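Asks: Provide a 3D model corresponding to the input given below.
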Amino acid sequence: MNELQIDQYLNRIGSVRPRELSPGSLMVLTRDHLEHVPFEVLEMTEAHREPSLEPDALFEKIVSNRRGGYCFELNKLFYLLLEALGFSCYPVGVRVLMGRPEPRPISHRGILVAFGKEKWYCDVGFGGQGPKGILRLADNGVQTLAYESFRVLRDEDDSYVIVYLDGEQQTRMLKFRDEPWLDVDFALLNGYYGSHSRSPFIQKRILYLCQPEGWISLVGDTFTRFRCGETTARTVTDEESKALVTTQFGLHIPQWD
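Replies: Modelled structure (predicted):
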């Protein structure tokens, strides 16, 4: 990623170059990204096309065309930005648990960022109730991000587990090892989740965008808003759904013209 592309990307997410490389500046970049670039799978549901993970194609889609993407797209391009800015980081393969019986297959791309001996989990591509910022791996206490709380625990197999806290209920959400993955590993997963008939991402529209006090989502025909700890949801028609994609998520979909 060259200097011009860095500036264009930062403009896309409403951010500026950090004065220093720190957890604080990483948090700002991550939140800016989450609030400006939505998780969305419309390339698959509307264009019926497997997303490209080539850097130039990702930049054109997300930055130049002001679209969103899903984890293999968003977390790859954001990783390239962090790397270009000088952060010490690498991608990891993540198991999405969501409280379901384990083991679960690896189906998600995350980012680990190191500051000396401390490491932080960073994720701008999770279309659900994942962490809305960065989480310190060495801290097993409660970490609150935009009115939602999480803990990072360590399993017996040395994997890290991100736990979502909802009152007294604790849900194991994400699990990963501190092991760098290669792009070819994610290319294989993208081939499955981007085109296979059993992939959840080609079955229905899924969009997710963070806001300063919560988030909004559109999953199938359900539009949900989470704000300051309160959740409201309503059913929408196909026409209303398309309007929300533009008015609430800020996207222009050529297939609908």
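
Asks: residue boundaries of the strands in the stretch 1-150 of the chain?
Replies: 39-40, 88-96, 106-115, 118-122, 134-136, 143-145, 148-154 (DSSP state E, counting those that start in this stretch).

Asks: show me where the stretch 51-200 of the chain has its helices.
Replies: For the stretch 51-200 of the chain, applying DSSP state H, counting those that start in this stretch gives helices covering 55-59, 71-85, 183-193.

Asks: how about those, which one is nearest residue 109?
Replies: Between residue 109 and these, the tightest spacing by CB to CB is seen for helix 71-85, at 4.5 Å. C-beta coordinates here come from the backbone N, C-alpha and C atoms, glycine included.

Asks: got the angle between the closest one and strand 88-96?
Replies: Relative orientation of helix 71-85 versus strand 88-96 (axes from the mean of the first three to the mean of the last three CA atoms, to 10 degrees): 160 degrees.

Asks: only C-alpha atoms, please: export helix 71-85 in CSV.
Replies: Coordinates of the C-alpha atoms in helix 71-85 are reproduced here as CSV (Å, rounded to 0.1, in the frame of the first residue of the first chain):
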residue,chain,number,x,y,z
CYS,A,71,-14.1,-10.8,7.2
PHE,A,72,-11.8,-12.1,4.6
GLU,A,73,-12.0,-8.8,2.7
LEU,A,74,-12.2,-6.2,5.5
ASN,A,75,-9.6,-7.7,7.9
LYS,A,76,-7.2,-8.3,5.0
LEU,A,77,-7.3,-4.8,3.8
PHE,A,78,-7.2,-3.3,7.3
TYR,A,79,-4.2,-5.5,8.1
LEU,A,80,-2.4,-4.1,5.0
LEU,A,81,-3.2,-0.6,6.2
LEU,A,82,-1.8,-1.3,9.7
GLU,A,83,1.3,-2.9,8.3
ALA,A,84,1.8,0.1,6.0
LEU,A,85,1.5,2.4,8.9
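
Asks: how about residue 145, what does it touch?
Replies: For residue 145, the contacting residues are 131, 132, 133, 135, by CB atoms under 8 Å, 6 or more residues apart in numbering.
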